[in-house]
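> model this:
(one chain, ligands or ions: 3)
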Amino acid sequence: MSNWKWQEGEYEVVRTCTWSPPGEHPVGWSVLLYIKDGKLHHVEGDRKNPLTQGRVSIKFLELPAYNNSPERIIYPMKRDPKFRGDNSKWERITWDEAYDMIEKETRRVQKEYGPESIMTFIGTGRDLWHTVPKITFSAFESPNFNYPHNGWSCYGPRSSICVYVLGAGYPELDYATAFPEKRYDDPDYTLSKVALVVGKNPLVSNPDGLFGHALVDMMKRGTELIIVDPRATWLASRAKYFLQLRPGTDAALYLSMCNVIIDEDLYDHEFCDNWIYGFNEFAERCREYKPDVAAAITGVNADLIREAARYWATNKPGSMTWGLAVDQKCNGIQTATLVLLLCAITGNLDVPGGVLLGASDREAPTSWWGWDELDPEIQAKRIGAAEYPAVSTACSTTQPDMAMDAIMTDKPYPIKMTFTMSSNPIACPVADPQMVSKAMLRPDFNVFADLVMTPSAAAYGDLFLPVASSGEKDGLVGTHYGALTLFVAACVKGVQTGECKSDDEIMLDLGWRLNPSKFPWKDLHEFLTWELNGYGIEGTFDDLVNSETGFVTPPYEYEKYAYGLQTWNGEPGFGTPSGKVEAYCQRFVEWGDDALPYYEEPPYSPVSTPDLFEKYPFVLTTGARSWSYFHSEQRHIERLRDLDPWPTAEMNPADAERLGLKDGDWVYLTNMFGKCRQMLKVTPIVKPGVIMAKHGWWYPEKGPDDGGAGPFGVWDANINQLVPHNCYGKLGFGTPFKCMICNVEKAEGGPDFEPAWPKTNNYLEFCN
Ligand SMILES: Nc1nc2c(c(=O)[nH]1)N[C@H]1C(S)=C(S)[C@@H](COP(=O)(O)OP(=O)(O)OC[C@H]3O[C@@H](n4cnc5c(=O)[nH]c(N)nc54)[C@H](O)[C@@H]3O)O[C@H]1N2
Ligand SMILES: Nc1nc2c(c(=O)[nH]1)N[C@H]1C(S)=C(S)[C@@H](COP(=O)(O)OP(=O)(O)OC[C@H]3O[C@@H](n4cnc5c(=O)[nH]c(N)nc54)[C@H](O)[C@@H]3O)O[C@H]1N2
Ligand SMILES: [Mo]
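Numbers count the residues shown, from 1 in each chain. Ligands and ions are numbered 1, 2, ... in the order given. This next block holds a predicted model:
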């Protein structure tokens, strides 16, 4: 019997590992697909996976509803650009016709304007962080690979800091991944005494490769928590220390915690003497942030700051996991640096039970993606590369705000064609989405590769390529995108839906047509073998599928820096210019910033803009994750929508009482940049004076042509209308998505419809 496919009664069962679609970060949820009559019927968690042990995110339990939804677009479609916004004008075409159109436009733009006038857009860390760059650099031969989240405000600051300050891959909790057999019960595993969780709610988000529930497994065995969050999450309510700060003020808190640890001589002298570059200068900087200073900024009691710092420094080993709130502020680079330094000065980096570290010290995975083979003259044209080398070096992309400015202004040159794979810009990642939706009418040709019609594709798409979902394609999952590879597994195709193709198949088709010498693989499996080998794993993709389990858990080495395993040249140390953890980072000076981490007030806040704060008297944080949705996805999946039917804005009961508002009221959230409408959720979990509003909202049930409220009502609900474009830190990173200001006003009512999910394909009905 095959290990990956068998019959169970009326079902054909396929063992696979999922990543995306639907959107998800690379945790590696292993599942068994139960297939009946060529359709996915249900899924079950696969207990053979040593990390998740059969547990599955609820979004993947709803995979059959997602894959079989009548909202799926399952054939390529085109629309004449002169009818953008008119969604009755889509026409079904063949893949050949679709590729012909792309080829013709690519050649025209390359010839008339140069390849740099083609820009690609990617979404968050889904299954295509090699696919889109490869299409950009090797098929279109353009340098303009763009992640359209302003200030690269997700993962960018954190992962760049790993490169610049640590010269290492991604840091994560030590959740016994090195011991796949017995896990936490392995005698060689050391349990963390304490876990520092900053700006992250991993039980809901399972982000960037972490299986969030592992933290609960650790808590059950005795790990204590220090939580930094303006909201009392489930984890916070069970924490030893809960530091409920004002959104956007993290850096002041961490400077102060470092100050206590250094002042009270609780730091790891041996590690600091040997492995930290600029420790004394850093200690000096921290002295400016005595606990009472930090308390005034953050709103966290000074004694609590002291106690939490002492607890962190004296209960070793301590582990750490950091989240999106670290990034979504202009001060994100410094905040991320400080979190790493809190771990470094206490000697918690890469020790058993401490902070796991990825081995790589690469600047950027550029050679993988074909960047190195681009003509240097073309490379030099990458938008934002000269102004923001900190972005372009570690992320190998444009600076996102500048990329949008180029589309709007034709400067430094016009953008004539765009190719968007797995992003829904005007509903989710961009600030000032109404401006962006107008700007995107300027290119001659906009291609989307997605699964459903989105507000973005409805507003300005000319060609739609239908993408295969999980269970419908072959692929690979590797945790932390290869920056900390704890687990690699095969995704195996069980069913075919319509004419959908996987992103990798689309990449290969385009590559073979446009620039075949850069796409030497003869088929998808050969490509996947190459990718597998890139994770450092030998053998072919087919070997992996046919292996007993379909996955590999690469061995983990602790204290790599001590044994020469953290650098390419085999020297002990970290992969930075000094070979040490750079508390003082010379490169930041060259790039126009301070060498030492510092605190900076958010640009719009009670302190920076007191006059505006009088009018907009709440601190606004956005986008805390929902169990039901991955960003702007899944609003059309009945059981997921049932759990979380409307966009909600959380407010503390004391604030609600003062304003005469009650739970379930519809309110307008407004500020100097824009407005949206959400439902009030009155809850004590959110800090008084703070609003937490949901992101990524649109209403599939409203249809694509909703007039003034935008396609699918996106202008009704999208919170990013309150976030400014071109507002980021000195190195090009960090927009204040999690630290703006707003006012709350009662709305006359809510949307004039009930949440609904189409039972028939309302989309193809009005297509020609
Ligand atoms: N206010 C506020 N805004 C935010 C955030 C916040 O916290 N607050 N979070 C931000 C963050 S962290 C991020 S990363 C961005 C995310 O922004 P995006 O990545 O643009 O996320 P989505 O809106 O989900 O759009 C993704 C699209 O890709 C499609 N898709 C899903 N999986 C696949 C796949 O495998 N292949 C292809 N081709 N398509 C796929 C989906 O159907 C969807 O239409 O949003 C950001 N926006
Ligand atoms: N279900 C689901 N899972 C997801 C996603 C999704 O959309 N849905 N998106 C994925 C993506 S792309 C990402 S980046 C991750 C993000 O996932 P996480 O990293 O967990 O981030 P968030 O859920 O945005 O916010 C986490 C916590 O930060 C708190 N917070 C808000 N402002 C601040 C602040 O200024 N400082 C501090 N310290 N905390 C603050 C919030 O209250 C919240 O509890 O999730 C991924 N996983
Ligand atoms: Mo993200």
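> all contacts plus neighbour counts: C-alpha atoms, from now on.
Will do.
> Quick one: neighbours of the one residue in the stretch 451-600 of the chain that gets nearest to ligand 1, just the number.
Distance from ligand 1 to each residue of the stretch 451-600 of the chain (CA to the nearest ligand atom) is smallest for Leu451, at 5.1 Å. Using other CA atoms under 10 Å, Leu451 has 24 other residues around it.
> Contact partners for it?
By CA atoms under 8 Å, 6 or more residues apart in numbering, the contact set of Leu451 is Arg72, Ile73, Ile74, Pro466, Val467, Ala468, Ser469.
> Go through these and name the one nearest Lys134.
For the contacts of Leu451, the closest approach to Lys134 (CA to CA) belongs to Val467, at 17.4 Å.
> Give me the phi and psi for the closest one.
Here is the backbone geometry of Val467 (degrees, to the nearest 10): phi -100, psi 140.
> how about Arg382, what does it touch?
Applying CA under 8 Å, 6+ apart to Arg382 gives the contacts Glu116, Pro143, Asn144, Thr397, Thr398.
> and of the residues you listed, the nearest to ligand 2?
Using CA to the nearest ligand atom, Thr397 comes nearest to ligand 2 of the contacts of Arg382, at 17.0 Å.
> and the nearest residue to the closest one once chain neighbours are set aside, how many neighbours?
Spatial nearest neighbour of Thr397, excluding adjacent residues (CA to CA, 6 or more residues apart in numbering): Phe145 at 5.0 Å. Residues lying near Phe145 (other CA under 10 Å) number 28.
> For Phe145, give its distance to Tyr267.
42 Å (CA to CA, to the nearest Å).
> what do you get for Ala178?
As defined by CA to CA, Ala178 lies at a distance of 27 Å from Tyr267.
> ok, now His480?
Distance, His480 to Tyr267, by CA to CA: 29 Å.
> what's around Leu659, how many residues?
Neighbours of Leu659 (other CA under 10 Å): 12.
> Give me the pLDDT value at it.
Confidence at Leu659, expressed as pLDDT, is 98.
> Let me know the helix or strand that Phe527 is in.
For Phe527, the host element (DSSP states H and E) is helix 524-534.
> Which positions within that helix qualify as buried?
Neighbour-count burial for helix 524-534, counted by 16 or more other CA atoms under 10 Å, picks out Leu524, Phe527, Leu528, Thr529, Trp530, Glu531, Leu532.
> Just put those residues in CSV and tack on pLDDT.
Formatted as CSV, the buried residues of helix 524-534 follow (pLDDT from 0 to 100):
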residue, pLDDT
Leu524, 98
Phe527, 96
Leu528, 96
Thr529, 97
Trp530, 93
Glu531, 91
Leu532, 93
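> Report the two of these separated the most.
Maximum pairwise distance in the buried residues of helix 524-534, criterion CA to CA, is 12.2 Å, between Leu524 and Leu532.
> Check this protein and tell me which residue is nearest its centre.
Residue closest to the mean C-alpha point of the chain, counted by CA atoms, centre = their mean, is Thr124 at 4.5 Å.
> Helix or strand for that residue, just tell me which one.
Using DSSP H and E, Thr124 sits in no helix or strand.
> ok, it touching Ser423?
Yes: look at Thr124 against Ser423 with CA atoms under 8 Å: they come within range, at 7.5 Å.
> re the thing from before, can you flag the buried ones in the contacts of Arg382?
For these, buried by 16+ other CA under 10 Å: Glu116, Pro143, Asn144, Thr397, Thr398.
> quick revisit: distance check, the residue nearest to the centre of the chain against ligand 1.
Distance check for Thr124 against ligand 1: by CA to the nearest ligand atom, to the nearest Å, it reads 4 Å.
> Residue of the stretch 651-768 of the chain nearest ligand 2, please.
Closest contact between the stretch 651-768 of the chain and ligand 2, by CA to the nearest ligand atom, is at Lys738 (4.9 Å).
> So that residue versus Gly623, what's the distance?
For Lys738, the distance to Gly623 equals 8 Å [CA to CA].
> try Lys694
On the measure of CA to CA, Lys694 and Gly623 end up 5 Å apart.
> Who has more neighbours out of these two?
A direct count of neighbours by other CA under 10 Å for Lys694 and Gly623 places Lys694 higher, at 24 against 19.
> Tell me how the protein divides into domains.
Domain assignment for the chain, taken from automatic domain parsing, gives 5-67, 77-153+375-467+502-519, 171-357+573-590, 610-746.
> Output stretch 68-77 as PDB - backbone C-alpha positions only.
Extracted in PDB, the C-alpha atoms of stretch 68-77 (Å, rounded to 0.1, in the frame of the first residue of the first chain):
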ATOM      1  CA  ASN A  68     -15.600  23.600  -3.500                       C
ATOM      2  CA  SER A  69     -17.100  27.100  -3.000                       C
ATOM      3  CA  PRO A  70     -19.100  28.400  -5.900                       C
ATOM      4  CA  GLU A  71     -17.200  31.700  -5.500                       C
ATOM      5  CA  ARG A  72     -14.000  30.000  -6.800                       C
ATOM      6  CA  ILE A  73     -13.000  31.200 -10.300                       C
ATOM      7  CA  ILE A  74     -11.900  28.100 -12.100                       C
ATOM      8  CA  TYR A  75     -11.200  29.300 -15.600                       C
ATOM      9  CA  PRO A  76      -8.900  32.000 -16.900                       C
ATOM     10  CA  MET A  77     -10.800  35.200 -17.600                       C
END
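> Give me the contact status of it with ligand 1.
No: legend: contact between stretch 68-77 and ligand 1 by CA under 6 Å from any ligand atom is lacking; minimum distance shown is 9.2 Å.
> which of the residues in that stretch are buried?
For stretch 68-77, the neighbour count (16+ other CA under 10 Å) marks Ser69, Pro70, Glu71, Arg72, Ile73, Ile74, Tyr75, Pro76, Met77 as buried.
> just how off-centre is that stretch within its chain?
25 Å (CA atoms, centre = their mean, to the nearest Å).
> do the same with stretch 211-222
22 Å.
> One more: stretch 515-530?
A distance of 27 Å separates the C-alpha centroid of stretch 515-530 from that of its chain, computed with CA atoms, centre = their mean.
> Next, the distance between the ends of it.
Stretch 515-530 has an end-to-end distance of 18 Å (CA to CA).
> Around ligand 1, pick out the residues from the stretch 651-768 of the chain.
Applying CA under 6 Å from any ligand atom, one finds that the stretch 651-768 of the chain approaches ligand 1 through His695, Gly696, Ile719, Asn720, Phe737.
> cool, the chain as well?
With CA under 6 Å from any ligand atom as the criterion, the chain comes near ligand 1 at residues 20-23, 123-124, 126-127, 149, 154, 421-425, 427-429, 449-452, 454, 467, 503, 622-623, 630-633, 695-696, 719-720, 737.
> 5 Å - rerun?
20-23, 123-124, 154, 421-424, 428-429, 449-450, 622-623, 631-632, 695, 720 (CA under 5 Å from any ligand atom).
> end to end, how far does stretch 238-250 reach?
Stretch 238-250 end-to-end distance (CA to CA) = 21 Å.
> So what touches it?
By CA under 8 Å, 6+ apart, the surrounding residues in contact with stretch 238-250 are 224-232, 236, 297-300, 304-305, 308, 326, 329, 335, 599-602, 619-621, 687, 690, 736, 738-739.
> Also stretch 410-425?
Residues from elsewhere that reach stretch 410-425 (CA under 8 Å, 6+ apart): 105-106, 109, 113, 116-124, 126, 132, 148, 383, 405-407, 429, 433, 442-450, 454-457, 503, 632.
> out of the contacts of stretch 238-250, which are inside strands?
Glu224, Leu225, Ile226, Ile227, Val228, Val619, Leu620, Thr621, Val690 (DSSP state E).
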